[in-house]
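J.: After the sequence you'll find the predicted model.
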Protein chains: 4
Amino acid sequence: MKYKVKDLSLAEIGRKQIEWAEMHMPTLLEIRKRFEAEKPLKGINIAAVLHVTKETAALVRTLKIGGAEVALAASNPLSTQDDVAASLVNDGISVFAWKGETEEEYYSNIESIVKLNNPQIVMDDGGDLHAYIHEKASELKIFGGTEETTTGVIRLKAMEEQGVLRYPVIAVNNAYTKYLFDNRYGTGQSAIDGILRATNILVAGKIAVVAGYGWVGRGIANRLRGLGARVIVTEVNPIRALEAVMDGFEVMPISEASKIGDIFITATGNINVIRKEHILNMKDGAILANAGHFNVEIDVKGLKEISIGKRNIRPYVDEYILPNGKRIYLLADGRLVNLAAAEGHPSEVMDMSFANQALAVEYIVKNKDKLSKKVYNMPEELDYLVAQIKLKTMGILIDELTEEQREYMKQWKYGT
Amino acid sequence: MKYKVKDLSLAEIGRKQIEWAEMHMPTLLEIRKRFEAEKPLKGINIAAVLHVTKETAALVRTLKIGGAEVALAASNPLSTQDDVAASLVNDGISVFAWKGETEEEYYSNIESIVKLNNPQIVMDDGGDLHAYIHEKASELKIFGGTEETTTGVIRLKAMEEQGVLRYPVIAVNNAYTKYLFDNRYGTGQSAIDGILRATNILVAGKIAVVAGYGWVGRGIANRLRGLGARVIVTEVNPIRALEAVMDGFEVMPISEASKIGDIFITATGNINVIRKEHILNMKDGAILANAGHFNVEIDVKGLKEISIGKRNIRPYVDEYILPNGKRIYLLADGRLVNLAAAEGHPSEVMDMSFANQALAVEYIVKNKDKLSKKVYNMPEELDYLVAQIKLKTMGILIDELTEEQREYMKQWKYGT
Amino acid sequence: MKYKVKDLSLAEIGRKQIEWAEMHMPTLLEIRKRFEAEKPLKGINIAAVLHVTKETAALVRTLKIGGAEVALAASNPLSTQDDVAASLVNDGISVFAWKGETEEEYYSNIESIVKLNNPQIVMDDGGDLHAYIHEKASELKIFGGTEETTTGVIRLKAMEEQGVLRYPVIAVNNAYTKYLFDNRYGTGQSAIDGILRATNILVAGKIAVVAGYGWVGRGIANRLRGLGARVIVTEVNPIRALEAVMDGFEVMPISEASKIGDIFITATGNINVIRKEHILNMKDGAILANAGHFNVEIDVKGLKEISIGKRNIRPYVDEYILPNGKRIYLLADGRLVNLAAAEGHPSEVMDMSFANQALAVEYIVKNKDKLSKKVYNMPEELDYLVAQIKLKTMGILIDELTEEQREYMKQWKYGT
Amino acid sequence: MKYKVKDLSLAEIGRKQIEWAEMHMPTLLEIRKRFEAEKPLKGINIAAVLHVTKETAALVRTLKIGGAEVALAASNPLSTQDDVAASLVNDGISVFAWKGETEEEYYSNIESIVKLNNPQIVMDDGGDLHAYIHEKASELKIFGGTEETTTGVIRLKAMEEQGVLRYPVIAVNNAYTKYLFDNRYGTGQSAIDGILRATNILVAGKIAVVAGYGWVGRGIANRLRGLGARVIVTEVNPIRALEAVMDGFEVMPISEASKIGDIFITATGNINVIRKEHILNMKDGAILANAGHFNVEIDVKGLKEISIGKRNIRPYVDEYILPNGKRIYLLADGRLVNLAAAEGHPSEVMDMSFANQALAVEYIVKNKDKLSKKVYNMPEELDYLVAQIKLKTMGILIDELTEEQREYMKQWKYGT
């Protein structure tokens, strides 16, 4: 086995991290148990480009136990946990990843795992691995792939439309048990966690402005209310805006909200949601954080242009002085505050996401002869299965339909 | 003009009811204002079979002001408000409806309005008018129709599939601003209102079991929690069950919940959700109510079979004595508790539903040459428009996308 | 036995009402069970002036079962339920009460029960019975009395201060299990119930203004939020105002709130909280309701003065037309909306209140030789006992202190 | 000026910390503004023994600006922020404090500031300064003192009772704007913050057991519910238990709750609330945290006794292996999780606490001739004033009583 990690001596620390994660990923462990007995991935080589974190470790260890040979590279030059990478090497995973890769090293590591592994299955988070395979490894016979992110799925669908997609891909991202739980519960909590770690402010009594009332925005808005904030929502979609109103939130344009908010959190999926003209409206001490899309939702460039001074106050907290004398605090430079200032999604959320990944890989292996060169949604029955296993691990039983009820429900086939 | 109502002298009382409704239906009134100026329905005859309530009055008055001739019959033999019917006659609507019609009278009234009116547009709530037109008035040249209910839409889609549908139908029921607001906010509140009017129990401290975690169930569960109940959810769908868990509710099978609940509310869309074996589990004093589908969710027949005694305690509250001595209280004989024991949906909810109806009629008139003999969803832009008008009438402004943002969003065309 | 009620033939209907109440008053029934075995009130004559409702019936039946002879008159000329009164006669209670007594009849009935009964114990709700005894029945040897209301307690404390109180009185009103549960949970729910019954409005999306953030105001504000309203609180006490802010509510003066509210609910204990100048600010369609103190919190007289028209729209809903053309809707003429438009406190709340009453009567009998002519708070151990029994009837167990913990807690004797 | 701190070169970092705190302590800054103009503490020497944190810095800087000479020592050998201490020296405060003092150094520093400063006012947090003055500096003429903690107040009240208290003390701890906001909002949030920082678990879907339903417990229980947990409350006080039930929480004994909880948080003020027998009930992976009293609420000694293995997993997370194979995770060794694993109270909470301190000091100076050698509660009008200033700094206006209302309220003098 070959590998390239920062420092193998970190393995023991990494092992404890992985154990902590696995303790909170019971769905994946349940699948692992079955994989151990059935070895459904026997003889399969997998190349995976994922964030090299303790949760990913739980996934690739599961694949390995299921019979696969796994080679792993990082899906982001900065996100690798070096101790986890070291521990995975001890588990027999071919890891090529370290924190702080150069761009060249990043692509080179992807190349390394593909060349080393000659994969039949490729697992990706963002689309760089899929791109590499299509551009530089066309000789490989790929059974299929998975994709974890919206961005990656978009790239792949464009390829499908252009007729250049070379193998079937399961859009794990579109599993209900992935995106809904990720966004509403995962980001809903971790964004607030990130803000508290960065600022230690008291939420109770604050006026919090949440831009966007999609799943992430709803999660955040409800949790802020639960912590005692008065929450204002801004939206561009009138139906979502009306839902926010009916849920008891104030709704107003950001041009108005910017005058009264104490803290602003963007979660829209769009760019420049908070712009210079809004920032100039703000109260002294206003705090800006992004829980949405990359680092584009807050116009950080604009903020810098209009500021006459800047200094770092605390980790992840930069103070900008405006010409009007007001002080504005930008968290984590406008990047995703839950990733930057906290620890990203809790393991429990990745548990469902990665249970989908493991089942998707198994599904591809089993159905490799039936699948076309298309982007598939996660099969609905597997999506259900993830929820079923999760409930089981929590000790929660639910009802089953009686025969009579199953019959009765057929009438709804056209209905809502 | 011809009409057939109970008592014209009730018109003044009905007028006040209609005014109270219209005060809380600003979206429809806003559309009425435009209709009054533009007369988009000029020369159009409309036959409508709807519940003859104060809110329906607000709708048909709007259609009339928009230029249409309207004939109205009841969509249910028992739901007509006779005072409202009388007042509508004064408004120049041809009403054929009274509370307590026989089955024969019910169908005869539908026939009457069609024969009187020779409609180009038909509006229905359940599908009986559409059926009549197809079976007995095939000579009519119908531009199109609307349908308010899930049941009606199902009937029409079956007709479309069989190739027998004679005109385009807009499934108003499928408008997001209709079904979501109806279910989550309308039934969510009014079901609890019905239970309180029937029983006057204190919700705080009670164990409430909500069967079903769809939109209605969510609405009810959250409102019960807001009133201080400990809420247990039962579900058959593992993903919905998991959402309930993540929202902080207890989830268990009805076979377990039946042992500890103080009050049970069904909202599943299925039959026999609460059955004999569950009822026999229940605590002395348990209360059963249905907020879901017709009167089939609670097995009332089964309850009667296993009971050794029954008496009425209060309006809408029947006491059943079980062989084990326990007393079970069934509300409104298992029918929809919000309709039976309270006043059904608040006017504000019907406001959005009927704004969709008015816009759907106008849409059919404008597009009659482009539409095929199909069941159409409510056009998305009209759905949006309803939300926009509603927000406007509430004095709520929202943001608009900038040109740059509009451009940016195009990348999501494949995405979630 | 003598009695004077409206119609004895109503007894059977009243009996069912009483049974429904007793089903939801398990604490009192638990005490009744002990009273039945121990007969602690044997030989005691009790004169009670209370609202003659189904819940009061449950109380006086308990006293009777405990061995007492009970004579009952109404504490309000309008609040008697004639069917309940009739049923109580069948139970052997000397009832002198009917709905719609004249003022003369009201006082004459109080006189009748005292003369008939020669009580050793007097139970009052408002202070009229205590006043009668002091003024006109000074020959009676009274062991002690109870008082249910704040107003009554105030009158009695004034008498104590002036040295004219003739017997000990237990201020049942001051029991924590009475006033806190009454106000927060009882009025919190029933005020909203009253508003919904009167108006059938949708709460979700409304701007609700709650005047006063005491126990009643908190109960109402939280429940309105649970139903989807945006809630604004007005307060005069800065600490309470700050609590409301920290609980996530908007706080502003009524002069501002009056401009944006859809519905206003007073719960301050003060007079003229909503005045002419505020009403003139209001939006067309604003709804005014009082859940606080008598009918003095909304300046109804002022509203009438500034209105140019008035009519009744629905039961408990009066429309006032202002000179500016706006329409304002006053519920229940500004009286307590939960009593007028709904059914007052749920039985579960009266359960605790009247469990305190029953225990207070027993306490007086047992301690008649030790008590002085003073107004006593409900003994703390009985207050606890009520909570303990209530929990027991709900099947809820709680922890007990260990010996070590009991010892440890002694250090807090000076502390918070 | 004399001082003894770790490293003066840390002053610049400390300065930024203090600025961040002061940004969130507007009440204190508002008082500072007045102090700057009025110099009410001119000529006063103050010795203060407080946690040397950024918030305390904001307080002592205010006292200095008010005219006082301030000497400051630490109230805990471990809690000093050395950078803050350094910055305060630059502000002219005589600081004798560093992180990691020995016990000897701790007492020596108290001695140093008293000898240096010859205070007329002493401010304490726990009672050690008051004890020193009484025992070793009886020659000093002290106008009065303040005390921040419950423990300190208890010590002082015992001294008052024994007749040995030498000067008046204001129990700042008993101010409503201190203890209520501290406990409900401060600890309510920061305890959860500490748990999330330590564990990064997802709260949604967890079963959380909160021991104690006092202000801290309520704050935590409500916030956990807001984050999606199913919350179980344990209590020994039946009235509090009943409130928890009425607020919709499950209530059960810890002996039962211990079998089903995922995470346990103690907030009772008592010892050994979670004991060996409970821990042996727990599920694999259960997490234990304390938000209550010192480190005595969880029986850590007992946990160690029954464990067959222990290791540290993450900062503040220790894993204990039970003989039954279950793994239990104790946070922060059972100490206050908000102090140990997060940053303690947010500045906004200390703002009110220290505004009370500043006003208490001024009050003593102004009333030194009227006060006796007693422990006084914070004067109610100052408590109100703190709330008023806080509201003002938040831009929140509230109503004032009219003359008529003020008159009306007088009737309640006896009432609730």
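T.: It's in. Numbering: from 1, shown residues only, chains lettered A, B, ... in the order given.

J.: low pLDDT regions in the stretch 301-416 of chain A?
T.: Judged by pLDDT under 70, the stretch 301-416 of chain A has its weakly predicted residues at A:412-416.

J.: and if we set it to 50?
T.: Residues of the stretch 301-416 of chain A that meet the criterion pLDDT under 50 lie in A:414-416.

J.: give me every residue that touches the residue of the stretch 101-250 of chain A found nearest chain B.
T.: Closest approach of the stretch 101-250 of chain A to chain B (CB to the nearest CB) occurs at residue A:238, with a separation of 3.7 Å. Any C-beta I mention is one placed from the backbone N, CA and C, and that applies to glycine too. Applying CB atoms under 8 Å, 6 or more residues apart in numbering or on different chains, we find residue A:238 in contact with B:384, B:387, B:388, B:390, B:391, B:398.

J.: any chance you could read off phi and psi for the fifth one?
T.: Listed backbone geometry of residue B:391 is phi -60, psi -40, with angles given as degrees, to the nearest 10.

J.: Correct me if wrong: it contacts residue B:398.
T.: Yes: taking contacts as CB atoms under 8 Å, residue B:391 lies within contact range of residue B:398: 6.4 Å.

J.: Overlap in contacts, those two.
T.: A:238, A:241, A:251.

J.: Going by neighbour count, which residues in the helix or strand encompassing residue A:357 are buried?
T.: Secondary structure assignment for residue A:357, by DSSP states H and E: helix A:347-367. The neighbour-count check on helix A:347-367 (16 or more other CB atoms under 10 Å in any protein chain shown) flags A:347-365 as buried.

J.: Say whether chain D is contacted by it.
T.: Yes: on the criterion CB under 8 Å from any CB of the partner chain, helix A:347-367 is in touch with chain D at A:347, A:348, A:349.

J.: Which residue comes closest to the last one once chain neighbours are left out?
T.: The one in question is residue A:349. Excluding the flanking residues, the one nearest residue A:349 by CB to CB, 6 or more residues apart in numbering or on different chains is residue A:186, at 3.6 Å.

J.: That neighbour: neighbour count?
T.: 27 (other CB atoms under 10 Å in any protein chain shown).

J.: cool, residue A:61 as well?
T.: Neighbour count for residue A:61, taken as other CB under 10 Å: 21.

J.: Not including adjacent chain positions, what is the nearest residue to it?
T.: residue A:91 (5.7 Å).

J.: just to revisit the earlier point, how about the shared contacts of residue B:391 and residue B:398 in CSV, adding secondary structure and pLDDT?
T.: Formatted as CSV, these follow (DSSP: H, G, I helix; E, B strand; the rest coil; pLDDT from 0 to 100):
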residue, secondary structure, pLDDT
A:238, helix, 96
A:241, helix, 97
A:251, strand, 98
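
J.: Go through those residues and name the one nearest residue B:2.
T.: residue A:238 (41.4 Å; CB to CB).

J.: For the residue nearest to the closest one when sequence neighbours are not counted, identify the helix or strand it belongs to.
T.: Closest residue to residue A:238 apart from its sequence neighbours, by CB to CB, 6+ apart: residue B:387 at 3.7 Å. For residue B:387, the enclosing helix or strand under DSSP H and E is helix B:380-393.

J.: Quick one: distance of the very next helix or strand once past that helix to the chain centre.
T.: The first helix or strand that comes after helix B:380-393 along the chain, using DSSP H and E, is helix B:403-409. Offset of helix B:403-409 from its chain centre (CA atoms, centre = their mean, to the nearest Å): 38 Å.
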